[in-house]
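Asker: Got a predicted model here, sequence first, then my questions.
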Amino acid sequence: TEVRAEPELTDGFHLVIDALKLNGITNVYNVPGIPITDLGRMMQAEGMRVISFRHEQNAGNAAAIAGFLTQKPGVCLTVSAPGFLNGLTALANATTNCFPMILISGSSEREIVDLQQGDYEEMDQLAIAKPLCKAAFRVLHAQDIAIGVARAIRAAVSGRPGGVYLDLPAKLFSQVMDAEAGRKSLVKVIDPAPAQIPAPSAVKRAMDVLKAAKRPLIILGKGAAYAQADDAIRALIEKSGIPFLPMSMAKGILPDTHPQCAGAARSLVLKEADTVMLIGARLNWLLSHGKGKAWGEAPKKFIQIDIEPKEMDSNVEIAAPVVGDIGSCVSAFLGEIERGWTAPPSAWTDAVKAKRDENVAKMAPRLMNNRSPMDFHGALGALRTVIKERPDAILVNEGANTLDLARGIIDMYQPRKRLDVGTWGVMGIGMGFAIAAAIETGKPVLAVEGDSAFGFSGMEIETICRYNLPVCIVVFNNNGIYRGTDTNPAGTDPATTVFVANSRYDVMMQAFGGVGVNATTPDELKRAVDAAMDSGKPTLINAVIDPAAGSESGRIGNLNPQSVLKKK
Ligand SMILES: Cc1ncc(Cn2c(C)c(CCOP(=O)(O)OP(=O)(O)O)sc2=O)c(N)n1
Ligand SMILES: Nc1ncnc2c1ncn2[C@@H]1O[C@H](COP(=O)(O)OP(=O)(O)O)[C@@H](O)[C@H]1O
Ligand SMILES: [Mg+2]
C-alpha cells in the first residue's frame, strides 16, 4: 500500500519569522511574556538577534533609533495590554520624530474583546494605537501574515518615516497552514521607500529665490541625517558657499568645525538671514515656529525641502516648497548650482564666520577648568575632547542642563552620531538608544545623562551588562533636576526637584558586573571615559557636578506657565 506523506505544514510563529527575515529584519527588541515568549525563542533559533529589555519603553526606543540609523524599521515586540501600553510612548515618539519602527504586540482574541468578556490582558489595542502612529494593522489569519508585515514595513519607511502598530492576536501564532502555500504567501517588499523626485518647476522656483538672496542660510534637520545623502548635502553646502546651521541630530553631516558651520552663531544667522533653506527640518518650537524675536524684524523668504507636502506653510508661508526625498532634491539643486551660481556676498559669510569664531573663543576658557566638584562646562570640555579624538563614537544625550549645554559644547564630526531627545524633548530615551546604537553599529557609545534623565531608563544597565555592550554612561550627578540646591519652603519633605545627596550611580553598575567609576574632576572623567572606550566594557561613571551649577529648564524656561497669583 502506498504511504501518503503528511503534507508539510507551517504556522503563524514561523510565518512571522520568515516574513521579517525575508525583508532583512533580523534584530528584535522585546520584553518576553504571554503570548510572545515562544516567538522570541523561535526567532533566536532561526538566527535572529532578540534583545530582551527590562521595560518595553526602552525596547521601543531602541527599535525607533535602530530605524533612524538603518533606514529599515526597527522592531519592538511586546506582550498584550500593559506591555503594549508601555511600548506606546516609544511608538508615539518615533512617529513624532519620523523614526521608522514597528511595534508588534500580542493581543487578546477579537471575539472576547469585542464582547468585553474579560480576556487575559484584554484591550482593544488596535483602536488605541491608531491615533499615536502612522499606520496600524491587525492580522487574523496565518495566510495574511506576510501581507501584514509587508504593509507595516512599507508604511514605516515610505514617505515621512514613522511608527506603525502591528496587532497579532494570540491564536494567530498556532494557526497551521500548508508550508508551500505559506512560502508562496511571503512578500519581499520592493522599493519600500521609493525616491520622490521634486518637480523641476519647484526646483527652478527655489533656485530663483536662492539666487536673489544676499544673506542665505541652510538649516539641516534630522531628516537630512536620516536620508543618508551625506555627500550630496556636503557638496551642496560647499559648492554654494552658503553657511549652514545643523539642528541637534543633524550635527556631524558636516563637521561642526567646518568653516561654513554657523552653529555657534545661531542667534545671528536666524536674525540676519534674508533667505532660509530648510532641509529635513520643521519650523516647529525648536525653531520658534519661524517667527518672533529669534527671527528678527526683516521679512524672510523660506525654501523648504521635505518629503511631506503638508508640512509646507505649517507655521509661516513657504516661498518655495520643494516636495521630495532629500537625496533626490539635493541632487537636483546640485545640478542647478553647477549650471551657474554666484557665491553669497563675502560681507555675509565673513560676518557669520567672525561671529562664530568670537563665540567659540568666548566659550573656550570655560571648558578648560579642572574644578572639583565639576561644573557643566568643565565636565563637557573633557567629553568634547573625547569625541574629537574618537569621532566615530556615538553620543547619546538627555537631561536639561546636561542636554542644552552638551548640544553646543560637544562638536560632532560624522553624521548620525548624535542621538538625543529630539522633537519632543522626551526624557528616558538614553539606555534604549545606547543599546540599539551599540547593537546596530558595533561602535562604542558614550551616553551623557542628566541624573534625572538617567533615572527613567536606568534599570537597563543590567541589559547593557548582560549583552556586554560597549556603552560608557556618564551620569552628570548634580543631585537633582536642573540643580541639587532647591529647598521645600513648605515643610520637611525634600524639594520636588532634588535627589539623595552624593548618591553613587557607579555602584549600581558594579552590582551587575559592569565597571563603575566615581569622577570628581574633568581629568579623572576623561581618563575614565578613555579607559571605557579602549576596553569596550560596560561602564558607568558617576560625574560629581556642583549642585549649584545648573539653571532651570535651560533655554526653554519661557515655555513654563507662570501663576499670576501672589505666591502663598
Ligand atoms: C518623560 C518626561 N518626563 C519629564 C520631563 C521633564 N523634564 C525633566 C524631568 C528633566 C530632567 C532634568 O534633570 P537632569 O538631572 O536630567 O538634568 P540636569 O540636572 O543636568 O539639568 S528635563 C525635562 O524636560 C520630560 N522632558 N520628559
Ligand atoms: N528622506 C527624507 N526626505 C525628505 N524629508 C524627510 C526625509 N526623512 C524625513 N524627512 C522630513 O524631515 C523632517 C524632520 O524634521 P524635524 O524632525 O523637525 O528635524 P529637526 O528636529 O532636526 O529640525 C520632517 O518634516 C520629515 O518629513
Ligand atoms: Mg541633574
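Answerer: Here it is on my side, so go on. Ligands and ions are numbered 1, 2, ... in the order given.
Asker: residues touching whatever residue of the chain ends up closest to ligand 1, list them.
Answerer: Distance from ligand 1 to each residue of the chain (CB to the nearest ligand atom) is smallest for G450, at 2.0 Å. The way it works is simple: take the backbone N, C-alpha and C, and place the C-beta from them, glycine included. Each residue near G450 by CB atoms under 8 Å, 6 or more residues apart in numbering is listed here: E398, G399, A400, N401, T402, L403, M427, V475, F476, N478, I481.
Asker: out of all of them, which helix in the protein is the longest?
Answerer: In the chain, assigned by DSSP state H, the helix with the most residues is helix 346-367.
Asker: Give me the packing partners of that helix, helices and strands only.
Answerer: Secondary structure elements in contact with helix 346-367, counted by 3 or more CB pairs under 8 Å, 6 or more residues apart in numbering; DSSP states H and E, are helix 266-272, helix 376-389, helix 401-409.
Asker: Between which two of the contacts of G450 is the distance greatest?
Answerer: Using CB to CB, the contacts of G450 reach their maximum pairwise distance at M427 and N478, which is 15.1 Å.
Asker: Of these two, give the one with the bigger neighbour count.
Answerer: Legend: neighbour count by other CB atoms under 10 Å for M427 and N478, higher for N478 (32 against 20).
Asker: any chance you could read off phi and psi for the nearest residue to the more buried one once chain neighbours are set aside?
Answerer: Excluding the flanking residues, the one nearest N478 by CB to CB, 6 or more residues apart in numbering is I545, at 4.0 Å. Dihedral angles of I545 (phi, psi; degrees, to the nearest 10) stand at phi -110, psi 140.
Asker: so P299 sits in a helix?
Answerer: No: the assignment for P299 (DSSP: H, G, I helix; E, B strand; the rest coil) gives coil, which keeps it out of a helix.
Asker: Number of residues surrounding the residue of the stretch 351-500 of the chain found nearest ligand 2?
Answerer: As assessed by CB to the nearest ligand atom, ligand 2 sits closest to T423 within the stretch 351-500 of the chain, at 5.0 Å. Using other CB under 10 Å, T423 has 18 other residues around it.
Asker: For T10, see how far away it is.
Answerer: The gap separating T423 from T10 is 41 Å, by CB to CB, to the nearest Å.
Asker: Quick check: T497 touching T485?
Answerer: No: look at T497 against T485 with CB atoms under 8 Å: they stay out of range, at 9.6 Å.
Asker: what pLDDT, on average, does stretch 205-224 get?
Answerer: Mean pLDDT, stretch 205-224: 98.
Asker: let me redo that: stretch 60-72
Answerer: Stretch 60-72 carries an average pLDDT of 99.
Asker: hmm, back to that, who are the contact partners of the residue nearest to N478?
Answerer: P373, M374, D375, F376, A379, F476, N477, N478.
Asker: biggest separation within the residues you listed, which pair?
Answerer: Pairwise over the contacts of I545, using CB to CB, the maximum falls at D375 and N477, 12.8 Å.
Asker: Compare those two (neighbour count), which wins?
Answerer: Ranked by neighbour count (other CB under 10 Å), D375 and N477 place N477 first, with 28 against 20.
Asker: which residue sits closest to the residue of the chain closest to ligand 1 in space, ignoring its chain neighbours?
Answerer: In space, and not counting its chain neighbours, G450 is closest to G399: 2.3 Å by CB to CB, 6+ apart.
Asker: any idea how far that neighbour lies from G480?
Answerer: Counting by CB to CB, the gap from G399 to G480 is 11 Å.
Asker: Share the number of residues neighbouring L77, please.
Answerer: Per other CB under 10 Å, the neighbour tally for L77 reads 31.
Asker: Next, the contact list for the nearest residue to it once chain neighbours are set aside, please.
Answerer: Of all residues not flanking L77 in the chain, N30 sits nearest, at 3.8 Å (CB to CB, 6+ apart). Counting by CB under 8 Å, 6+ apart, N30 makes contact with I36, G40, V50, I51, S52, F53, A59, C76, L77, T78.
Asker: What pLDDT does the model give the closest residue to T385 other than its chain neighbours?
Answerer: Counting by CB to CB, 6+ apart, T385 lies nearest to K526, which is 6.5 Å off, once chain neighbours are set aside. For K526, the pLDDT comes out at 98.
Asker: State whether K526 is indeed within a strand.
Answerer: No: using three-state DSSP, the secondary structure at K526 is helix, not a strand.
Asker: Surely it touches K388?
Answerer: No: shown here, K526 and K388 do not form a contact pair, counting by CB under 8 Å, at 11.4 Å.
Asker: returning to what we had before: can I get the longest helix of the chain as PDB, trimmed to CA atoms?
Answerer: The C-alpha atoms that make up helix 346-367 are tabulated as PDB, following Å, rounded to 0.1, in the frame of the first residue of the first chain:
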ATOM      1  CA  SER A 346      31.500  87.800   1.500                       C
ATOM      2  CA  ALA A 347      30.100  90.600   3.700                       C
ATOM      3  CA  TRP A 348      27.600  88.000   4.900                       C
ATOM      4  CA  THR A 349      29.800  84.900   5.000                       C
ATOM      5  CA  ASP A 350      32.600  86.800   6.700                       C
ATOM      6  CA  ALA A 351      30.200  88.200   9.300                       C
ATOM      7  CA  VAL A 352      28.900  84.700  10.100                       C
ATOM      8  CA  LYS A 353      32.400  83.300  10.400                       C
ATOM      9  CA  ALA A 354      33.600  86.200  12.600                       C
ATOM     10  CA  LYS A 355      30.600  85.800  15.000                       C
ATOM     11  CA  ARG A 356      31.100  82.100  15.200                       C
ATOM     12  CA  ASP A 357      34.900  82.400  15.900                       C
ATOM     13  CA  GLU A 358      34.100  85.100  18.500                       C
ATOM     14  CA  ASN A 359      31.600  82.800  20.300                       C
ATOM     15  CA  VAL A 360      33.900  79.800  20.200                       C
ATOM     16  CA  ALA A 361      36.700  81.800  21.600                       C
ATOM     17  CA  LYS A 362      34.500  83.200  24.400                       C
ATOM     18  CA  MET A 363      33.400  79.700  25.400                       C
ATOM     19  CA  ALA A 364      36.900  78.100  25.200                       C
ATOM     20  CA  PRO A 365      38.300  79.200  28.600                       C
ATOM     21  CA  ARG A 366      35.200  77.900  30.400                       C
ATOM     22  CA  LEU A 367      35.900  74.400  29.100                       C
END
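Asker: contact partners of it?
Answerer: With contacts defined as CB under 8 Å, 6+ apart, helix 346-367 is touched by 214-216, 241, 243, 259-265, 268-269, 272, 343, 377-378, 380-381, 384, 408-409.
Asker: The stretch 401-550 of the chain against ligand 1: which residues are in contact?
Answerer: Applying CB under 6 Å from any ligand atom, we find that the stretch 401-550 of the chain lies next to ligand 1 at 401-402, 425-428, 450-453, 476, 478, 481-482, 550.
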